[in-house]
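Peer 1: have a look; sequence and predicted model below, questions after that.
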Amino acid sequence: MFNAAISGELPNENYEPDISVVVQQIFSFLYQNPNGVDEESILELLSLLCSEKSSKLILSELKNKGWIEYQHTQFFASTKLSDLGQKGRIHSNIPDPQSYRVIDIASGIGIGKISGTPDEVFMLGGRVWHVIIVEKNVIKAQLIRGKIASPSFQRHKGQGACH
């Protein structure tokens, strides 16, 4: 990927809308408009993110799950959503980083913690480790001895916090 970036030939990737962005935008829009928002305004806001049909399905699902309310032609943030908004949890779609406890697979001993999306090879405690197994919030890794190649940076397809 580094050579492709230098030559200006990054791979062309197809765009796929992230539904979590739509959800986050609805949450933020309703939170900042406590007097309610009509459906047309929400659909206009979301028109660049997804189809009208998808927007209506998402609004319906959020209403059914108790995240938003609909009264007298207006959508409102529910109490549940307002509580999250007061904690600052709805204005960003960046997910909280996952934290992993790392275990040496040879000894079964915990060697520390790392955050974020782990690459196949990582450094922890000044040593280089190779991921063998990832289970929930635990990584079982093997110590690599000797010389290693430079890290290979990879794209990670993640999901937003509102997914």
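Peer 2: Happy to help now that I have it.
Peer 1: can you list the weak-confidence ranges in this structure?
Peer 2: 1-2, 5, 15, 95-97, 148-163 (pLDDT under 70).
Peer 1: which residues of it fall in helices?
Peer 2: 2-7, 19-31, 39-46, 52-64, 79-86 (DSSP state H).
Peer 1: nearest to residue 131, of these?
Peer 2: Proximity to residue 131 (Cβ to Cβ) singles out helix 2-7 among those, at 21.4 Å. (Each C-beta comes from the backbone N, C-alpha and C, glycine too.)
Peer 1: rewinding a little: could you identify which of the helices of the chain is most buried?
Peer 2: Highest mean neighbour count among these (mean count of other Cβ atoms under 10 Å): helix 19-31, with a mean of 20.
Peer 1: what's in contact with that helix?
Peer 2: 36-37, 42, 45-46, 49-50, 54-55, 58-59, 62, 67-68, 75-77, 81-82, 84-85, 90-93, 159-163 (Cβ atoms under 8 Å, 6 or more residues apart in numbering).
Peer 1: just the CA coordinates for that helix, please, in PDB.
Peer 2: Taking Å, rounded to 0.1, in the frame of the first residue of the first chain, the C-alpha atoms of helix 19-31 are listed here in PDB:
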ATOM      1  CA  ILE A  19     -26.000   3.000   8.100                       C
ATOM      2  CA  SER A  20     -24.500   4.000  11.400                       C
ATOM      3  CA  VAL A  21     -23.800   7.400  10.000                       C
ATOM      4  CA  VAL A  22     -27.600   7.800   9.200                       C
ATOM      5  CA  VAL A  23     -28.500   6.700  12.700                       C
ATOM      6  CA  GLN A  24     -26.000   9.100  14.300                       C
ATOM      7  CA  GLN A  25     -27.200  12.000  12.100                       C
ATOM      8  CA  ILE A  26     -30.800  11.400  13.200                       C
ATOM      9  CA  PHE A  27     -29.800  11.200  16.800                       C
ATOM     10  CA  SER A  28     -27.800  14.400  16.700                       C
ATOM     11  CA  PHE A  29     -30.500  16.300  14.600                       C
ATOM     12  CA  LEU A  30     -33.300  15.400  17.000                       C
ATOM     13  CA  TYR A  31     -31.200  16.100  20.100                       C
END
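Peer 1: shift numbering so it begins at 110
Peer 2: Understood, numbering begins at 110; the last thing we discussed is helix 128-140.
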